[in-house]
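> Any chance you could fold what I've pasted below:
(chains A and B)
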2 protein chains.
Amino acid sequence: MSEEAKDTRRMVEAIEERDSVKFLKAADALHYADLAEIFEGLKDEEREFFADHIDKEKFADVITDLPDTLVEETMERLDAEEQREILDQVSDDDRVDILQDVSDDARERLLELVEPDDIEVTKSLLKYGEHTAGGRMTTHFGKIHAEMTIKEALRSLREDSDETESFSRVYVVDAKERLCGYVRFRDLAFNTWETKISAVQREVTRTVLASADQEEAAQMVSKYDLFVLPVVDEQNRILGIITHDDVVEILEEESTEDMEKMAGFSGEISEETYLNTPTMTHFKRRFPWLFGLAILAIASGIVMIKFEHVLESLFILSLFLPMVVAAGGNTGGQASTMVIRAMALGELDEGTLWRVAWKELRLGLMLGSLLGVGMAIITIFVVPMFYHDMPVEIGFTKFAIAVAISLAVQITSSTLVGSLLPIGARAAKIDPAVVAAPAITTIVDVSGMVIYFFVAKAILGL
Amino acid sequence: MSEEAKDTRRMVEAIEERDSVKFLKAADALHYADLAEIFEGLKDEEREFFADHIDKEKFADVITDLPDTLVEETMERLDAEEQREILDQVSDDDRVDILQDVSDDARERLLELVEPDDIEVTKSLLKYGEHTAGGRMTTHFGKIHAEMTIKEALRSLREDSDETESFSRVYVVDAKERLCGYVRFRDLAFNTWETKISAVQREVTRTVLASADQEEAAQMVSKYDLFVLPVVDEQNRILGIITHDDVVEILEEESTEDMEKMAGFSGEISEETYLNTPTMTHFKRRFPWLFGLAILAIASGIVMIKFEHVLESLFILSLFLPMVVAAGGNTGGQASTMVIRAMALGELDEGTLWRVAWKELRLGLMLGSLLGVGMAIITIFVVPMFYHDMPVEIGFTKFAIAVAISLAVQITSSTLVGSLLPIGARAAKIDPAVVAAPAITTIVDVSGMVIYFFVAKAILGL
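Predicted coordinates for the structure are as follows:
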């Protein structure tokens, strides 16, 4: 058993036994990320005990690591003095996160508790949306002026040292606070004290606007292997930095969001873990699409009823009906996943629509033809072994041709639909992931039935 | 148009016009990540021109950023002297990546070109698998000895300064090279030169074994918001570090892999962009599952044939048949996506199987009952408006009850299957994502048909 697992067990025991000495010892040994996980899994009275007994400095870190939906109720467990302490302890960006996670009323009340020193930066950060670069950035970074000497720069950095998350990049600004370069800490350490900053500074090649979407910032960091990405305003004044841990968080959030949308979930993703999310919340996020798709699926039923005479005149058609329908869903799902993922990684831009369509058209034809031929062979050689009622005027070969053609048409069209729908959605400013797999499957189910019955009718003369 | 887009266009023009002066100017303005993207999109003779004219130092960076599958052919465009230069230019971990991406023969040949200084570390890194912490780590990091003074430490770091990726964490080792702590660069800069390192060093709380899976390292960095994660051997000797950009890359790879597996792709993920991947490669990755699932779907067809008499005695059953089947696929897909994502984020461990099953059972019952009631209402109030052939001994109410019950059973069982199959797969050491959506959909398609016909037969007495 790992040290963490042991400490976690001790912690849970201490809470169950309401043993505050044991609790504090275990809390001391654990990282706040582990504590947040434990807290999330507790029952109500246990959370009360946890909040009452934990050291408030440590609790501040725990709160910043809690799922958004738990922040408000956790803050409410504390009295005003403790809330003030928490808001004072956390960094500016974490404070803003807390304020963004609570209701409007609570935000008003909590804002009154923010220290006068912090109120201005807090209010200015609150302006940015939670999912923008400005909403994600940290405002604690090393900043020096171009006209300083290294000695002056080091002194100024030393004063901010306690609050600064990272000095791996120290940003250089001009008299108007505009970003004009950066230095690495080692550039300061390995040069003489009299050197001017402007002599050692390096060029900043990439910045992101505070109003930009967080995904844009993450893609930039990922593509260009950036260490830190400076966030600027329209006048190129540096407001903050996006660091590696922000990017890791953004990427995990966006992937989870895409996967969930592709599987047909509605609403915002929950930051709570799967097991700690109430069953009712899971229910609410799954039901709407499930219901919508069920209604859509009735369309397939109507198609079946319309073609009743075809099916009844040659019931062996049923043998391949589910396959033709499912093959369209599967191939459409593959195509949409590929395209959606490529868009999420920033690969496909507006101009590539026709290249995607052309590629998927060829792919669909290849997949459909090969699968069609494979199934035709099975139809001719395997089906006659157990089915003996094939009318002579039709015969297995004609039947095989009908199956193969409908498979080829269904797969080709489904591949096209699966690849073009997400692109179309983006053009219409809808999140592409929303129209993915389940929606596409339902659409191509209907078309699969129509294609199959239509081809069978035409070729077999039913 | 952004500066990059302009430079990219200039670059592409230069290559088309075979204008080497314009080419070099554009290449100079672009980041290697952009150059790698451009190179990937070129035709064969254009790549030749690119490789011949680009500055070899820049080309070294471009090669490290190319998709794995392009590395060998690109290296082969160069003569031995140029290859030697490339291998000398790149960092140790990038050199190992290049060697891992080429065939065994090419590796033998290229290894002979590696400088004597680098050969030992290169060979020792080659031992680790590409997807382990050891295979990902960089060996360029700041390392100092505990008994040094700050002055000695700074001198020693300065000597390695050119080669070192990051000094944000400088690791402290003891006489036996075992990791015993770290210092931040600012701890060196803000203390007197005579201070012993052991007096300012901080404790390293988390390390990862070189043999550990890369995903474990990435999850650790993500959970604990680590800046840098030291990679150690069994004796706790530090071998390298995993940095933020490695983690970003790992997370993107793993998410893409999961999404693709969930949509039914086979084989390794391609690092080439969607559009640059040859159509044949796309085809090979999509066909196997498509074919396997098509064969499985015949099982649904067999069920339809077995229940021919039920369907023919009351053809209006067709109206809800596709819906019952599809609802199972959709709800099973939602459940499996939830569970697979939770596992990928490190949330669910071995002991939680029954908690997941219990949660999904309740969810399935809730979803199934509500959808069943909804569809029963539609059956009773809407269907009679256009369907007038319902036999009196059956009636719409009985029909509605049959639809509702089969929906509830199908959704409950599909939710359970969708959530438990990935967990079972992991227990059997199969990647959970592989059994996801398409496989589950096909399985619950069959069960949906059986449930629907069976319930209809029992309740309606067909």
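
> Quickly find the element holding A:Gly181.
Using DSSP states H and E, A:Gly181 maps to strand A:179-183.

> what sits up against that strand?
Residues outside strand A:179-183 that contact it (CB atoms under 8 Å, 6 or more residues apart in numbering or on different chains) are A:144, A:146, A:153, A:169-174, A:197-198, A:200-204, A:207, A:230, A:232, A:236-238. All C-beta spots, glycine's among them, are computed from the backbone N, C-alpha and C.

> which among those residues end up buried?
Neighbour-count burial (16 or more other CB atoms under 10 Å in any protein chain shown) applied to these gives A:144, A:146, A:153, A:169-173, A:197, A:200-201, A:204, A:207, A:230, A:232, A:236, A:238.

> Those in strands, which ones?
Under the assignment DSSP state E, the buried ones among the contacts of strand A:179-183 contribute A:144, A:170-173, A:230, A:232, A:238 to strands.

> min pLDDT across these, which one?
In terms of pLDDT, A:Val170 ranks lowest among these, with 89.

> If you drop the residues flanking it in sequence, what lies closest to that residue?
Excluding its sequence neighbours, the residue lying closest to A:Val170 (CB to CB, 6 or more residues apart in numbering or on different chains) is A:Gly142, at 3.6 Å.

> doesn't A:Arg169 make contact with that neighbour?
Yes. The criterion here is CB atoms under 8 Å, and A:Gly142 meets it with A:Arg169 at 7.3 Å.

> Tell me which residues touch the residue in the stretch 101-250 of chain A that chain B sits nearest to, please.
The nearest approach of the stretch 101-250 of chain A to chain B comes at A:His244, 3.1 Å away (CB to the nearest CB). By CB under 8 Å, 6+ apart, the contact set of A:His244 is A:221, A:227-228, B:227, B:243-245, B:247-248.

> Just list what the helix ranked longest in chain A packs against, helices and strands only.
Criterion DSSP state H: the longest helix present in chain A is helix A:395-427. Counting contacts by 3 or more CB pairs under 8 Å, 6 or more residues apart in numbering or on different chains; DSSP states H and E, helix A:395-427 is packed against helix A:321-344, helix A:353-381, helix A:383-386, helix A:437-460.

> What are the buried residues along the third one?
Right, the one you point to is helix A:383-386. Those buried within helix A:383-386 under the rule 16+ other CB under 10 Å are A:Val383.

> Show me the contact partners of it.
Helix A:383-386 has contacts (CB under 8 Å, 6+ apart) with A:316, A:319, A:390, A:396, A:399.

> Let me know the closest of those to chain B.
Taking those together and measuring to chain B by CB to the nearest CB, the closest member is A:Leu319, at 3.8 Å.

> packing partners for the stretch of helix or strand A:Ile98 belongs to?
Per DSSP H and E: A:Ile98 is located in helix A:92-101. For helix A:92-101, the packing partners by 3+ CB pairs under 8 Å, 6+ apart come out as helix A:56-64, helix A:68-76, helix A:80-89, helix A:104-113, helix A:116-126, helix A:133-136.

> deepest of the ones you listed, which one?
helix A:133-136 (a mean of 26; mean count of other CB atoms under 10 Å in any protein chain shown).

> helices or strands next to that one in the packing?
Checking 3+ CB pairs under 8 Å, 6+ apart, helix A:133-136 ends up next to helix A:92-101, helix A:214-223, strand A:228-232, strand A:238-243.

> Kindly recompute the last result at 7 Å.
Packed against helix A:133-136 by the contact rule (3 or more CB pairs under 7 Å, 6 or more residues apart in numbering or on different chains; DSSP states H and E) you find helix A:214-223, strand A:238-243.

> so which of the ones you listed comes closest to A:Val356?
Smallest distance to A:Val356 across the helices and strands packed on helix A:133-136 (CB to CB): 19.2 Å, for helix A:214-223.

> The closest one to strand A:228-232, inter-axis angle?
Here the directions of helix A:214-223 and strand A:228-232 differ by 140 degrees (axes from the mean of the first three to the mean of the last three CA atoms, to 10 degrees).

> what about helix A:214-223, distance to the chain center?
How far helix A:214-223 lies from its chain's middle: 13 Å, per CA atoms, centre = their mean, to the nearest Å.

> Name the residues of it that come out as buried.
Within helix A:214-223, the residues that count as buried by 16+ other CB under 10 Å are A:214-215, A:217-223.

> where in chain A is pLDDT low?
Across chain A, the ranges flagged by pLDDT under 70 are A:1, A:161-167, A:267-271, A:350-351, A:434-437.

> Kindly report the domain assignment for it.
A:3-131, A:142-251, A:279-460 (automatic domain parsing).

> Please convert these to CSV, extending it with distance to B:Ile38.
Converted to CSV, the domains of chain A look like this (distance: least, CB to CB, whole Å):
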stretch, distance to B:Ile38
domain A:3-131, 31
domain A:142-251, 13
domain A:279-460, 14
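
> Ok, which of these comes nearest B:Val62?
It is, among these and with distance given as CB to CB, domain A:142-251, at 13.0 Å.

> Determine how far the last residue of the closest one lies from the first.
25 Å (CA to CA, to the nearest Å).

> you'd agree A:Ser266 is up against A:Pro288?
Yes. If you go by CB atoms under 7 Å, A:Ser266 and A:Pro288 touch, sitting 4.6 Å apart.

> What separation do you get for A:His31 and B:Glu45?
56 Å (CB to CB, to the nearest Å).

> Tell me which two of the buried residues of helix A:214-223 sit farthest apart.
A:Gln214 and A:Lys223 (14.9 Å).

> Could you check what's spatially nearest to A:Lys22, not counting adjacent residues?
A:Ala14 (3.9 Å).

> try A:Leu345
Excluding the flanking residues, the one nearest A:Leu345 by CB to CB, 6+ apart is B:Glu252, at 6.9 Å.

> Burial check on the one you found, number of neighbours?
18 (other CB atoms under 10 Å in any protein chain shown).

> so what's it up against?
A:222, A:251, A:345 (CB atoms under 7 Å, 6 or more residues apart in numbering or on different chains).

> Am I right that it is in a helix?
Yes. Secondary structure of B:Glu252 (DSSP: H, G, I helix; E, B strand; the rest coil): part of a helix.

> what about the closest residue to A:Gly181 other than its chain neighbours, distance to B:Asp187?
Closest residue to A:Gly181 apart from its sequence neighbours, by CB to CB, 6+ apart: A:Gln201 at 3.5 Å. Distance of A:Gln201 to B:Asp187, given as CB to CB: 23 Å.

> now do A:Lys223
Counting by CB to CB, the separation of A:Lys223 from B:Asp187 is 33 Å.

> before we move on, what about A:Thr192?
Taking CB to CB, one finds A:Thr192 at 21 Å from B:Asp187.
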